[in-house]
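Undergrad: Here is a sequence together with a model predicted from it:
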Amino acid sequence: MAALLLGAVLLVSQPQVVPSLPAGPEAPRQSGLQEQMRMAALLSEGLVPEGAPHNGSVRQLPQTIIIGVRKGGTRALLEMLSLHPDVAAAENEVHFFDWEEHYSHGLGWYLSQMPLSWPHQLTVEKTPAYFTSPKVPARVHSMNPGIRLLLILRDPSERVLSDYTQVLYNHLQKRKPYPAIEEVLVRDGRLNVDYKALNRSLYHVHLQNWLRFFPLGHIHIVDGDQLIRDPFPEIQKVERFLKLAPQIHASNFYFNKTKGFYCLRDSGRDRCLHESKGRAHPHVDPKLLNKLQEYFHEPNQKFFELVGRTFDWH
(Lines give C-alpha, C1' and ligand atoms only; values in the text may rest on other atoms or scores of the structure.)
Protein backbone atom coordinates (compact mmCIF):
# COMPACT_ATOMS: atom_id res chain seq x y z
CA MET A 1 0.00 0.00 0.00
CA ALA A 2 2.85 2.38 0.86
CA ALA A 3 4.43 1.74 -2.53
CA LEU A 4 1.15 2.48 -4.32
CA LEU A 5 0.71 5.74 -2.41
CA LEU A 6 4.27 6.80 -3.25
CA GLY A 7 3.65 6.07 -6.94
CA ALA A 8 0.50 8.19 -6.90
CA VAL A 9 2.35 11.08 -5.27
CA LEU A 10 5.07 10.97 -7.93
CA LEU A 11 2.57 11.02 -10.78
CA VAL A 12 0.85 14.09 -9.36
CA SER A 13 3.86 16.03 -8.14
CA GLN A 14 6.27 15.55 -11.09
CA PRO A 15 4.23 15.37 -14.33
CA GLN A 16 6.87 17.01 -16.53
CA VAL A 17 9.95 15.25 -15.24
CA VAL A 18 9.21 11.66 -16.30
CA PRO A 19 8.63 11.18 -20.04
CA SER A 20 6.99 8.21 -21.72
CA LEU A 21 8.96 4.97 -21.68
CA PRO A 22 10.87 4.25 -24.88
CA ALA A 23 10.02 0.93 -26.47
CA GLY A 24 11.15 -1.31 -29.31
CA PRO A 25 14.54 -2.07 -30.83
CA GLU A 26 15.34 1.61 -31.44
CA ALA A 27 15.15 2.48 -27.72
CA PRO A 28 18.47 3.35 -26.02
CA ARG A 29 19.38 2.23 -22.51
CA GLN A 30 17.11 3.44 -19.70
CA SER A 31 19.66 4.41 -17.06
CA GLY A 32 18.92 8.13 -17.49
CA LEU A 33 15.18 7.67 -17.10
CA GLN A 34 15.64 5.53 -13.99
CA GLU A 35 17.93 8.17 -12.49
CA GLN A 36 15.39 10.86 -13.25
CA MET A 37 12.67 8.87 -11.49
CA ARG A 38 14.97 8.33 -8.48
CA MET A 39 15.66 12.07 -8.25
CA ALA A 40 11.95 12.85 -8.52
CA ALA A 41 11.18 10.43 -5.68
CA LEU A 42 13.80 11.99 -3.42
CA LEU A 43 12.68 15.52 -4.20
CA SER A 44 9.06 14.63 -3.46
CA GLU A 45 10.21 13.57 0.00
CA GLY A 46 12.08 16.82 0.51
CA LEU A 47 15.49 15.21 0.04
CA VAL A 48 18.30 16.40 -2.22
CA PRO A 49 19.88 13.62 -4.33
CA GLU A 50 23.62 13.13 -3.85
CA GLY A 51 25.57 15.30 -6.27
CA ALA A 52 22.50 17.36 -7.24
CA PRO A 53 22.41 21.16 -6.94
CA HIS A 54 21.08 22.32 -3.56
CA ASN A 55 18.60 24.78 -5.07
CA GLY A 56 16.17 22.05 -6.17
CA SER A 57 16.88 22.31 -9.90
CA VAL A 58 17.19 19.13 -11.94
CA ARG A 59 17.95 18.04 -15.49
CA GLN A 60 14.87 17.10 -17.50
CA LEU A 61 14.48 15.36 -20.82
CA PRO A 62 13.19 17.95 -23.30
CA GLN A 63 9.47 18.45 -23.59
CA THR A 64 10.08 20.39 -26.80
CA ILE A 65 12.61 19.94 -29.60
CA ILE A 66 13.42 22.33 -32.43
CA ILE A 67 13.88 19.70 -35.14
CA GLY A 68 14.97 21.93 -38.02
CA VAL A 69 15.53 23.03 -40.60
CA ARG A 70 19.23 23.73 -41.22
CA LYS A 71 19.79 27.40 -42.10
CA GLY A 72 16.15 28.07 -41.35
CA GLY A 73 16.70 30.20 -38.25
CA THR A 74 16.88 27.57 -35.50
CA ARG A 75 19.48 29.50 -33.48
CA ALA A 76 17.45 32.70 -33.66
CA LEU A 77 14.32 30.83 -32.62
CA LEU A 78 16.07 29.22 -29.65
CA GLU A 79 17.57 32.52 -28.48
CA MET A 80 14.22 34.28 -28.74
CA LEU A 81 12.41 31.47 -26.94
CA SER A 82 15.05 31.61 -24.20
CA LEU A 83 13.74 35.07 -23.30
CA HIS A 84 10.84 33.30 -21.62
CA PRO A 85 11.46 32.68 -17.89
CA ASP A 86 9.74 29.28 -18.07
CA VAL A 87 12.10 27.96 -20.74
CA ALA A 88 15.45 26.27 -20.15
CA ALA A 89 17.40 25.72 -23.38
CA ALA A 90 20.32 23.42 -24.12
CA GLU A 91 23.20 25.61 -25.24
CA ASN A 92 24.62 23.38 -27.97
CA GLU A 93 23.20 21.16 -30.68
CA VAL A 94 23.03 17.73 -29.06
CA HIS A 95 22.77 15.42 -32.12
CA PHE A 96 21.46 12.61 -29.92
CA PHE A 97 18.88 11.10 -32.26
CA ASP A 98 20.84 11.42 -35.52
CA TRP A 99 24.40 10.44 -34.49
CA GLU A 100 24.75 6.73 -33.81
CA GLU A 101 27.63 7.23 -31.38
CA HIS A 102 25.56 9.57 -29.23
CA TYR A 103 22.38 7.50 -29.45
CA SER A 104 24.21 4.37 -28.33
CA HIS A 105 25.03 6.10 -25.03
CA GLY A 106 21.33 6.04 -24.10
CA LEU A 107 18.97 8.46 -22.41
CA GLY A 108 21.32 8.90 -19.46
CA TRP A 109 23.83 10.61 -21.73
CA TYR A 110 21.08 12.66 -23.41
CA LEU A 111 19.79 13.80 -20.03
CA SER A 112 23.29 14.87 -19.01
CA GLN A 113 23.37 17.28 -21.99
CA MET A 114 20.28 19.13 -20.81
CA PRO A 115 20.46 22.34 -18.75
CA LEU A 116 19.57 22.46 -15.08
CA SER A 117 15.99 23.66 -14.72
CA TRP A 118 13.16 23.98 -12.27
CA PRO A 119 10.48 21.28 -12.48
CA HIS A 120 7.94 23.81 -13.83
CA GLN A 121 10.23 24.91 -16.67
CA LEU A 122 10.09 23.64 -20.23
CA THR A 123 13.38 22.14 -21.41
CA VAL A 124 14.18 22.73 -25.08
CA GLU A 125 16.97 21.50 -27.33
CA LYS A 126 17.58 22.20 -31.01
CA THR A 127 19.36 20.12 -33.60
CA PRO A 128 18.36 21.16 -37.14
CA ALA A 129 19.73 17.96 -38.69
CA TYR A 130 16.89 16.02 -37.03
CA PHE A 131 14.33 17.10 -39.65
CA THR A 132 16.07 15.41 -42.58
CA SER A 133 17.42 12.33 -40.74
CA PRO A 134 15.25 9.28 -41.59
CA LYS A 135 15.70 7.47 -38.25
CA VAL A 136 15.01 10.43 -35.99
CA PRO A 137 11.17 10.59 -35.95
CA ALA A 138 10.82 7.00 -34.70
CA ARG A 139 13.49 7.56 -32.05
CA VAL A 140 11.91 10.77 -30.76
CA HIS A 141 8.50 9.10 -30.69
CA SER A 142 10.00 6.19 -28.75
CA MET A 143 11.23 8.62 -26.09
CA ASN A 144 8.03 10.65 -25.85
CA PRO A 145 5.08 10.30 -28.28
CA GLY A 146 3.44 13.40 -26.77
CA ILE A 147 6.39 15.74 -27.30
CA ARG A 148 5.80 19.09 -29.02
CA LEU A 149 8.01 19.83 -32.01
CA LEU A 150 9.09 23.14 -33.53
CA LEU A 151 10.00 23.31 -37.22
CA ILE A 152 11.23 26.60 -38.63
CA LEU A 153 11.34 26.94 -42.42
CA ARG A 154 12.42 29.56 -44.93
CA ASP A 155 11.92 30.01 -48.65
CA PRO A 156 13.57 26.83 -50.02
CA SER A 157 15.65 28.73 -52.59
CA GLU A 158 16.94 31.16 -49.97
CA ARG A 159 17.68 28.25 -47.64
CA VAL A 160 19.81 26.60 -50.35
CA LEU A 161 21.83 29.79 -50.80
CA SER A 162 22.33 30.11 -47.03
CA ASP A 163 23.39 26.47 -46.89
CA TYR A 164 26.00 27.05 -49.58
CA THR A 165 27.18 30.27 -47.91
CA GLN A 166 27.81 28.49 -44.60
CA VAL A 167 29.82 25.72 -46.22
CA LEU A 168 31.77 28.28 -48.27
CA TYR A 169 32.75 30.30 -45.19
CA ASN A 170 33.69 27.13 -43.30
CA HIS A 171 36.11 26.28 -46.09
CA LEU A 172 37.47 29.81 -46.28
CA GLN A 173 38.17 29.84 -42.54
CA LYS A 174 40.18 26.65 -42.96
CA ARG A 175 41.88 28.13 -46.05
CA LYS A 176 40.46 25.40 -48.22
CA PRO A 177 39.14 25.99 -51.75
CA TYR A 178 35.46 25.57 -52.53
CA PRO A 179 33.68 25.70 -55.91
CA ALA A 180 31.62 28.70 -57.00
CA ILE A 181 27.89 28.32 -56.45
CA GLU A 182 27.26 27.87 -60.19
CA GLU A 183 29.57 24.84 -60.20
CA VAL A 184 27.69 23.31 -57.28
CA LEU A 185 24.16 24.04 -58.49
CA VAL A 186 24.64 23.11 -62.14
CA ARG A 187 25.82 19.86 -63.69
CA ASP A 188 25.90 19.25 -67.46
CA GLY A 189 23.82 22.35 -68.04
CA ARG A 190 21.05 21.23 -65.68
CA LEU A 191 20.24 21.83 -62.04
CA ASN A 192 22.25 19.40 -59.93
CA VAL A 193 19.43 17.56 -58.15
CA ASP A 194 22.00 15.44 -56.29
CA TYR A 195 23.21 18.50 -54.39
CA LYS A 196 22.40 17.79 -50.72
CA ALA A 197 21.29 21.36 -50.06
CA LEU A 198 18.48 20.94 -52.60
CA ASN A 199 17.31 17.75 -50.92
CA ARG A 200 17.16 19.48 -47.54
CA SER A 201 14.73 22.02 -49.01
CA LEU A 202 12.24 19.37 -50.19
CA TYR A 203 10.20 19.98 -47.08
CA HIS A 204 7.22 17.79 -47.98
CA VAL A 205 9.41 14.69 -48.31
CA HIS A 206 10.90 15.02 -44.83
CA LEU A 207 7.69 16.14 -43.14
CA GLN A 208 5.87 13.05 -44.43
CA ASN A 209 8.36 10.95 -42.49
CA TRP A 210 7.56 12.84 -39.28
CA LEU A 211 3.82 12.56 -39.87
CA ARG A 212 4.14 8.78 -39.79
CA PHE A 213 4.80 9.12 -36.05
CA PHE A 214 3.32 12.46 -34.95
CA PRO A 215 0.03 14.19 -35.76
CA LEU A 216 0.36 17.56 -37.46
CA GLY A 217 -1.04 19.18 -34.33
CA HIS A 218 2.14 18.23 -32.47
CA ILE A 219 4.34 20.09 -34.98
CA HIS A 220 4.32 23.88 -35.05
CA ILE A 221 5.79 25.40 -38.20
CA VAL A 222 7.51 28.73 -37.66
CA ASP A 223 7.80 31.03 -40.67
CA GLY A 224 11.54 31.74 -40.69
CA ASP A 225 11.23 34.58 -43.20
CA GLN A 226 8.64 36.30 -41.02
CA LEU A 227 10.79 35.72 -37.94
CA ILE A 228 13.53 37.73 -39.64
CA ARG A 229 11.21 40.55 -40.75
CA ASP A 230 9.04 40.81 -37.63
CA PRO A 231 9.94 38.32 -34.88
CA PHE A 232 7.42 39.21 -32.16
CA PRO A 233 4.21 37.84 -33.80
CA GLU A 234 5.96 34.56 -34.64
CA ILE A 235 7.20 34.13 -31.09
CA GLN A 236 3.69 34.81 -29.77
CA LYS A 237 2.46 31.87 -31.85
CA VAL A 238 5.21 29.66 -30.40
CA GLU A 239 4.22 30.67 -26.86
CA ARG A 240 0.62 29.68 -27.54
CA PHE A 241 1.64 26.36 -29.12
CA LEU A 242 3.81 25.48 -26.12
CA LYS A 243 1.06 26.64 -23.75
CA LEU A 244 3.38 29.16 -22.12
CA ALA A 245 2.08 32.25 -20.38
CA PRO A 246 2.78 35.31 -22.59
CA GLN A 247 6.03 36.65 -21.15
CA ILE A 248 7.90 37.76 -24.28
CA HIS A 249 7.07 41.29 -25.43
CA ALA A 250 7.66 43.50 -28.44
CA SER A 251 10.11 45.51 -26.30
CA ASN A 252 12.38 42.43 -26.22
CA PHE A 253 13.27 43.06 -29.88
CA TYR A 254 14.97 45.97 -31.58
CA PHE A 255 16.23 46.41 -35.13
CA ASN A 256 20.00 46.76 -35.39
CA LYS A 257 20.66 48.96 -38.44
CA THR A 258 24.35 48.03 -38.51
CA LYS A 259 23.71 44.29 -38.66
CA GLY A 260 20.53 44.58 -40.67
CA PHE A 261 18.40 42.30 -38.51
CA TYR A 262 16.60 42.19 -35.16
CA CYS A 263 18.51 41.72 -31.93
CA LEU A 264 17.29 40.89 -28.43
CA ARG A 265 16.87 43.00 -25.31
CA ASP A 266 16.55 41.15 -22.02
CA SER A 267 16.44 42.90 -18.64
CA GLY A 268 18.16 45.93 -20.13
CA ARG A 269 20.90 43.84 -21.74
CA ASP A 270 21.20 43.90 -25.53
CA ARG A 271 22.52 40.92 -27.47
CA CYS A 272 22.67 39.91 -31.12
CA LEU A 273 23.23 36.63 -32.86
CA HIS A 274 26.75 35.54 -33.75
CA GLU A 275 28.44 37.33 -36.65
CA SER A 276 28.13 34.13 -38.69
CA LYS A 277 24.36 34.75 -38.87
CA GLY A 278 22.89 36.95 -41.56
CA ARG A 279 25.82 36.65 -43.97
CA ALA A 280 25.26 38.04 -47.44
CA HIS A 281 24.63 35.40 -50.08
CA PRO A 282 26.89 35.19 -53.11
CA HIS A 283 25.64 36.75 -56.32
CA VAL A 284 23.66 34.27 -58.40
CA ASP A 285 22.86 34.73 -62.07
CA PRO A 286 19.14 35.66 -62.31
CA LYS A 287 18.53 32.86 -64.83
CA LEU A 288 20.00 30.29 -62.47
CA LEU A 289 18.03 31.70 -59.54
CA ASN A 290 14.85 31.49 -61.61
CA LYS A 291 15.67 27.87 -62.49
CA LEU A 292 16.13 27.13 -58.79
CA GLN A 293 12.79 28.71 -57.90
CA GLU A 294 11.02 26.80 -60.67
CA TYR A 295 12.47 23.55 -59.36
CA PHE A 296 10.86 24.13 -55.96
CA HIS A 297 7.46 25.23 -57.28
CA GLU A 298 5.84 21.79 -57.33
CA PRO A 299 7.45 20.54 -54.06
CA ASN A 300 6.26 23.74 -52.36
CA GLN A 301 2.69 23.15 -53.52
CA LYS A 302 2.82 19.61 -52.12
CA PHE A 303 4.07 20.99 -48.82
CA PHE A 304 1.30 23.62 -48.67
CA GLU A 305 -1.32 20.91 -49.23
CA LEU A 306 0.29 18.75 -46.56
CA VAL A 307 0.17 21.42 -43.84
CA GLY A 308 -2.98 23.24 -44.94
CA ARG A 309 -1.38 26.67 -45.21
CA THR A 310 0.74 28.66 -47.65
CA PHE A 311 3.95 30.62 -47.29
CA ASP A 312 5.25 33.64 -49.19
CA TRP A 313 7.88 31.72 -51.15
CA HIS A 314 8.93 32.31 -54.74
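TA: That came in fine, so what should we check first?

Undergrad: quick one: the strands in the stretch 151-300 of the chain?
TA: Secondary structure of the stretch 151-300 of the chain by DSSP state E, counting those that start in this stretch: the strands cover 186-187, 190-191, 219-223, 253-256, 261-266, 269-271.

Undergrad: Let me know which of these is the nearest to residue 298.
TA: Across the strands of the stretch 151-300 of the chain, residue 298 has its closest neighbour in strand 190-191 (13.2 Å, CB to CB). Quick note: C-beta positions are derived from backbone N, CA and C, even for glycine.

Undergrad: which residue sits closest to residue 195, ignoring its sequence neighbours?
TA: Excluding the flanking residues, the one nearest residue 195 by CB to CB, 6 or more residues apart in numbering is residue 184, at 6.0 Å.

Undergrad: Hmm, that neighbour is touching residue 164, no?
TA: Yes. Here residue 184 reaches residue 164: they are 6.3 Å apart, a contact under CB atoms under 8 Å.

Undergrad: what do those two both touch?
TA: residue 197 (CB atoms under 8 Å, 6 or more residues apart in numbering).

Undergrad: For those two, indicate the residue with more neighbours.
TA: Counted by other CB atoms under 10 Å, residue 184 and residue 164 do not tie: residue 164 has more neighbours, with 22 against 19.

Undergrad: Please list all residues in contact with that one.
TA: 181, 184, 185, 197, 281, 282.

Undergrad: And it, what's its pLDDT?
TA: You'll see residue 164 listed with a pLDDT of 94.

Undergrad: quick one: it from residue 310, how far?
TA: 26 Å (CB to CB, to the nearest Å).

Undergrad: give me the low-pLDDT residue ranges for the stretch 1-150 of the chain?
TA: 1-56 (pLDDT under 70).

Undergrad: Quick one: the strands in it, in order.
TA: So, for the stretch 1-150 of the chain - with DSSP E, counting those that start in this stretch - the strands run 58-59, 64-68, 87-89, 116-117, 122-126, 148-153.

Undergrad: Residue 294: which of these is closest?
TA: strand 148-153 (19.1 Å).

Undergrad: so what does that closest one touch, helix or strand wise?
TA: Packing partners of strand 148-153 (3 or more CB pairs under 8 Å, 6 or more residues apart in numbering; DSSP states H and E): strand 64-68, helix 74-81, helix 203-211, strand 219-223, helix 224-229, helix 231-241.

Undergrad: Would you mind getting the angle between the second one and helix 231-241?
TA: Angular relation of helix 74-81 and helix 231-241 on a 0 to 180 degree scale: 70 degrees, by axes from the mean of the first three to the mean of the last three CA atoms, to 10 degrees.

Undergrad: from the middle of its chain, how far away would helix 74-81 be?
TA: Centre-to-centre, helix 74-81 and its host chain are 9 Å apart (CA atoms, centre = their mean, to the nearest Å).

Undergrad: And for that helix, what's in contact with it?
TA: 66, 68, 87, 89, 124, 126, 128, 150, 152, 222, 224, 227-228, 231, 235, 238, 248, 252-253, 264, 271, 273-274, 277.

Undergrad: Sketch out the low-pLDDT regions of the stretch 201-314 of the chain for me.
TA: Applying pLDDT under 70 to the stretch 201-314 of the chain flags residues 274-279.

Undergrad: before we move on, the earlier item: and the strands of the stretch 1-150 of the chain: which comes nearest residue 305?
TA: strand 148-153 (15.1 Å).
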